[in-house]
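Provided below for reference: sequence and predicted model.
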Amino acid sequence: MGEINNYDAFGSAIINTIKRYNLKNNLEIGSWDGTGSTQCFIEGMKDFDTKSLTCLELRTDRYQHLVNNTSQYNWVKCYNMTTVSYESLIYKDFEDVWNSPYNGIPDNEPGKKDLVNKWFVDDTGDIKKFGKGFLETYPDEKYDGVLIDGGEFSGYTEFLMLKDRTNVFFLDDYYNAFKTRQVAAELEKDNEWEPIIAEKNTRNGFAVIKKKTFL
Ligand SMILES: C[S@@+](CC[C@H](N)C(=O)[O-])C[C@H]1O[C@@H](n2cnc3c(N)ncnc32)[C@H](O)[C@@H]1O
């Protein structure tokens, strides 16, 4: 079952932001089976005349469920692809992740570093099974809104490929995590961007940040 839903604070923020700012062309990174954040996007977008939601999911088993769970919406397109290729990944060395100032993953139990290292090996192994990533295959596509909720170690690479072609970022895991912590830190310092909402302690932290002047 999906993680983000219509009844939690992040899910509501996704729906409300889409409606308020008319976000009609959106990208969801990390769709899982289409029952979580995907449904929030669908709820927010369903009353627009023209709309497009692109969903990316790397795991084939989850992708099959995603396709089934969105098949009634012809404006939802699903891709069983990685966002970025292994070659493009900025963080290829686990020590760089673990020692990064942007590592907010709590080191709160014996063996935690080994556990996170295992996630890193598994995630990078999954990415290596693919060639070019979606963001490299479609480098000119612009988005009204993008959710970054894919791999724990690829969020910053995805952001760098999307920053100049996105109006609103929905960031999951931006605080007690590594996934989007560096993204949030950089956008916070950038005068061209402003936060709509940020909650450090809901789940691992979520934030919605918009470009002051839309593309
Ligand atoms: C935290 S889950 C997403 C949860 C989902 N947003 C929800 O609300 O239920 C992250 C998902 O991203 C997928 N993923 C991980 N790395 C990815 C990558 N490089 N490209 C695309 N999807 C990726 C994982 O398979 C996983 O299903």
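Cool, the structure landed. Numbering: from 1, shown residues only.

then stretch 49-58 to PDB, C-alphas only?
Taking Å, rounded to 0.1, in the frame of the first residue of the first chain, the C-alpha atoms of stretch 49-58 are listed here in PDB:
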ATOM      1  CA  ASP A  49      -9.700  20.200 -18.700                       C
ATOM      2  CA  THR A  50      -6.200  19.400 -19.900                       C
ATOM      3  CA  LYS A  51      -3.700  17.600 -17.700                       C
ATOM      4  CA  SER A  52      -0.900  15.200 -17.700                       C
ATOM      5  CA  LEU A  53       0.700  13.200 -14.900                       C
ATOM      6  CA  THR A  54       3.900  11.200 -15.500                       C
ATOM      7  CA  CYS A  55       4.600   8.500 -13.000                       C
ATOM      8  CA  LEU A  56       8.100   6.900 -12.600                       C
ATOM      9  CA  GLU A  57       8.600   3.600 -10.900                       C
ATOM     10  CA  LEU A  58      11.800   1.500 -11.100                       C
END
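
identify the residues contacting that stretch?
24-32, 34, 38, 41-42, 45, 63, 66, 70, 73, 75-83, 126-127, 130, 134, 150-151 (C-beta atoms under 8 Å, 6 or more residues apart in numbering). To be clear about C-beta, it is placed using only N, CA and C from the backbone, and glycine gets the same treatment.

what do you get for stretch 73-83?
29, 31, 34, 38, 42, 45, 51-58, 60, 63, 66-67, 70, 126-127, 130, 133-135, 137, 150-151, 154, 157-158, 161.

returning to what we had before: what subset of the contacts of stretch 49-58 is also close to the ligand?
G30, W32, T82, T83, I127, G150, G151 (C-beta under 6 Å from any ligand atom).
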